[in-house]
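K.L.:
Take a look and give me a structure for this.
(chains A and B)
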Amino acid sequence: MNELEVLLLVWGILVGLDLVSVPQVMIARPLVAGTVAGAMLGDLPTGLQIGIVFELFQHDILPMGAVRYPEYGPATVAAVSAAHATSGADGFGLGVIVGLVTAIIGGSSIHLMRRLNANAVRKAAPVLETGDIRTLVRVHVQSILRDAIRAAIVTSIGLWLANIVSTVMTGIVVMRGASGLVLAVAVTAGALAVAASGTLRLMRRPTLAWFAAGLLGGAAGVWFR
Amino acid sequence: MIRTLLRLFTIQGSWNYERMLGVGFGVAEEPLLRDLDGAGTPERETTYRGAVARGAHFFNAHPYLCGLAVGAAARAEHDGVPPAQIERLRTALSGPLGSLGDSLVWAGWLPLTSGLALVAVALGFGWWGVVGFLIVYNIGHIALRFWALEAGWTHGLDVASALRHPALQRSGALVGPAMALAMGAALPLVAAYLGGAFAPAVRLILAAAVGLGVLLLRFRPLGLTGLRLGLVYAAIGLVLGWIWR
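P.N.:
Predicted coordinates for the structure are as follows:
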């Protein structure tokens, strides 16, 4: 692992922790995670581009209660790494694929971690019922550490996948010109559809007019630019 | 108060299927329980330990609004409210704080600020748009956490009155339309940003694929989710790309 990969791994851990555990200041949002990862790699445009794509995917998620969802933060870090290593339109599409796969692994790891946390709480329950603050803080801190380890594992797997894609897959898939473009169009369409659908799901009927007004305004902005 | 506020930022750190936010709740509440009446006496130790144990019982709500329940429960402990009543207070607050936080933050403030950030980046502000998102979002985030804890600590058992705060009601009414407007504007701008290099005919295909995706996600056949749609589209892109290479 080189210095840059270590840096990305540390960033992935912070992003993974921010999603649920601490401090939820939204560095886990793909737009932030991707931009910073891009800056680390000296490739801000790719970071922003991939960050936007996963930010759109993120709009499908409402983290209510015990709902299970994919984790796009560390996934975005891995996707940016893959896209950067495989430059051009090919890199963009392949990077998104790496990110989507990592997001599934991330989501499953959160579910597993919550089960481990539940086991730890169950085990400590008799002492917790006595009001022992040391045990309470220990259970809490250990859970946060567990999340940090989880985030490290997920980011490592993502970076490993990025490495495979950039060194092996590019040679096999050999996407040039139109073929790379097709993949880029496909993943962009997927992300936009997910964001539009996610936003519509959040809205009540009276706010639909505001959404339509926004669409018109955005379209006008595109037209005039 | 400051210690509790800081600990509230970690309240979800031990989220689990057993007690959900309970352990984090207990950890956050503990600094407010240290000066319970009769400090240094055996009775105080019993009161304190009982309150800490109660704090760590099952609880779930929106993390940003948990401070309201933490403050209210701690105030009730100080006021000598019977334990059963404190447990009932926690249970009663769980649902409303969850639904209020979900609609105000997860379905309002967060997508609103995210939409504005997407607009900013698509309009060429680059990483300044991202920095702006972090600042603006967290002004609302931290203000809400601080207000919630203070309101809970001030009102105690009468905490429901804090939820009728006019600013909270107004924010709830404004944030929905603002979010819809911001996200509506963001979508075409982001499409142009990501597909700027595409030829006009390709952009038409992109628009058709987006429309189809929205339709599929509307009816969600075979348990389709956003992630699965993304993977299906990527797989189609890979296959078509392979054919046309």
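K.L.:
Strands of the chain, residue ranges please.
P.N.:
Picked chain A for this. Along chain A, no segments are classed as strands by DSSP state E.
K.L.:
how about low-confidence regions in it?
P.N.:
Within chain A, the ranges that satisfy pLDDT under 70 run A:87-89, A:169-178.
K.L.:
what's near enough to touch the residue positioned nearest the centre of it?
P.N.:
Closest residue to the average C-alpha location of chain A: residue A:72 at 1.6 Å, with CA atoms, centre = their mean. Residue A:72 is in contact with A:30, A:33, A:54, A:57, A:58, A:61, A:99, A:103, A:106, counting by CB atoms under 8 Å, 6 or more residues apart in numbering or on different chains. (Glycine included, C-beta is placed from N, CA and C.)
K.L.:
tell me the domain ranges of chain B?
P.N.:
As assigned by automatic domain parsing, chain B contains the domains B:2-194, B:197-245.
K.L.:
Whether the lowest-mean-pLDDT helix or strand in chain B contacts chain A - can you check?
P.N.:
Of all helical and strand segments in chain B, the minimum by mean pLDDT, DSSP states H and E falls on helix B:42-55, at a mean of 83. Yes: Helix B:42-55 is in contact with chain A by CB under 8 Å from any CB of the partner chain, via B:48, B:49, B:50, B:51, B:52, B:53.
K.L.:
okay, now residue B:224: neighbour count?
P.N.:
16 (other CB atoms under 10 Å in any protein chain shown).
K.L.:
how close does the residue lying farthest from the centre of chain A get to residue B:55?
P.N.:
Each residue of chain A has a distance to the centre, and by CA atoms, centre = their mean the biggest one is for residue A:130: 39.7 Å. Applying CB to CB, to the nearest Å, the value for residue A:130 to residue B:55 is 13 Å.
K.L.:
Report the separation between the residue farthest from the centre of chain A and residue B:51.
P.N.:
Distance from residue A:130 to residue B:51, by CB to CB: 12 Å.
K.L.:
can you check residue B:218 too?
P.N.:
Going from residue B:218 to residue B:51 by CB to CB gives 49 Å.
K.L.:
Which one's more surrounded, those two?
P.N.:
Between residue B:218 and residue B:51, counted using other CB under 10 Å, the more crowded position is residue B:51 (23 against 12).
K.L.:
In chain B, where is pLDDT below threshold?
P.N.:
B:37-44, B:245.
K.L.:
at 90 what do you get?
P.N.:
Counting by pLDDT under 90, the ranges of chain B that qualify are B:1-2, B:18, B:34-49, B:79-81, B:95, B:157-173, B:195-203, B:218-223, B:238-245.
K.L.:
Surely residue A:80 and residue A:50 touch.
P.N.:
Yes: contact criterion CB atoms under 8 Å: residue A:80 and residue A:50 qualify, at 4.8 Å.
K.L.:
Overlap in contacts, these two.
P.N.:
Common contact partners of residue A:80 and residue A:50 (CB under 8 Å, 6+ apart): A:34, A:38, A:95.
K.L.:
picking up where we left off before, I'd like to know which of the residues of helix B:42-55 next to chain A are buried.
P.N.:
Buried members of the residues of helix B:42-55 next to chain A, counted by 16 or more other CB atoms under 10 Å in any protein chain shown: B:48, B:49, B:50, B:51, B:52, B:53.
K.L.:
Run through the residues that contact the fourth one.
P.N.:
With contact taken as CB under 8 Å, 6+ apart, residue B:51 is in contact with A:131, B:29, B:33, B:36, B:74, B:77.
K.L.:
one more time with 6 Å, if that's ok
P.N.:
Residues in contact with residue B:51, defined by CB atoms under 6 Å, 6 or more residues apart in numbering or on different chains, are B:33, B:77.
K.L.:
That one and residue B:73: what is the separation?
P.N.:
Taking CB to CB, one finds residue B:51 at 8 Å from residue B:73.
K.L.:
what does the third one give?
P.N.:
Taking CB to CB as the criterion, residue B:50 is separated from residue B:73 by 12 Å.
K.L.:
same thing with the first one?
P.N.:
With the distance defined as CB to CB, residue B:48 ends up 14 Å from residue B:73.
K.L.:
again, but for residue B:66
P.N.:
The gap separating residue B:66 from residue B:73 is 10 Å, by CB to CB.
K.L.:
Residue A:200 now?
P.N.:
On the measure of CB to CB, residue A:200 and residue B:73 end up 38 Å apart.
K.L.:
So for these two, which sits in the more crowded spot?
P.N.:
Set residue A:200 next to residue B:73 and count neighbours by other CB under 10 Å: residue B:73 wins out with 30 against 16.
K.L.:
Run through the helices of chain A in chain order.
P.N.:
In chain A, the helices defined using DSSP state H lie at A:3-20, A:30-40, A:44-58, A:73-85, A:88-128, A:133-164, A:170-173, A:178-202, A:208-224.
K.L.:
nearest residue to residue 144 other than its sequence neighbours?
P.N.:
I went with chain A, as the question did not name one. Of all residues not flanking residue A:144 in the chain, residue B:13 sits nearest, at 4.1 Å (CB to CB, 6 or more residues apart in numbering or on different chains).
K.L.:
my question was about chain B
P.N.:
Nearest residue to residue B:144 in three dimensions, chain neighbours excluded: residue B:64, at 5.0 Å (CB to CB, 6+ apart).
K.L.:
Would you agree the one you found is in contact with residue B:143?
P.N.:
No: in this structure, residue B:64 is not within contact of residue B:143 by CB atoms under 6 Å, at 9.8 Å.
K.L.:
So for these two, which sits in the more crowded spot?
P.N.:
residue B:64 (26 against 12).
K.L.:
From residue B:110, how far off is the more buried one?
P.N.:
Distance from residue B:64 to residue B:110, by CB to CB: 10 Å.
K.L.:
returning to what we had before: relative to the whole chain's centre, how far out is the least confident helix or strand of chain B?
P.N.:
Taking CA atoms, centre = their mean, to the nearest Å, one finds the center of helix B:42-55 at 31 Å from the center of the full chain.
K.L.:
Check which helices and strands whichever helix or strand comes after it sits against.
P.N.:
As assigned by DSSP states H and E, the chain's next helix or strand after helix B:42-55 is helix B:66-78. Packing partners of helix B:66-78 (3 or more CB pairs under 6 Å, 6 or more residues apart in numbering or on different chains; DSSP states H and E): helix B:22-33, helix B:83-101, helix B:127-155.
K.L.:
tilt between helix B:66-78 and helix B:127-155?
P.N.:
20 degrees (axes from the mean of the first three to the mean of the last three CA atoms, to 10 degrees).
K.L.:
Which residues does helix B:66-78 contact?
P.N.:
Outside helix B:66-78, the residues that reach it (CB under 6 Å, 6+ apart) are B:8, B:11, B:28-29, B:32, B:51, B:86, B:90, B:93, B:145, B:148-149, B:151-153, B:156-157, B:159.
K.L.:
what do you get for stretch A:183-198?
P.N.:
By CB under 6 Å, 6+ apart, stretch A:183-198 touches A:53, A:56-57, A:59-60, A:89, A:92-93, A:96, B:187, B:191, B:194-195, B:206, B:209-210, B:213-214, B:217, B:226, B:229-230, B:233-234, B:236-237, B:241.
K.L.:
Near residue A:62, how many other residues are there?
P.N.:
For residue A:62, using other CB under 10 Å, the count is 16.
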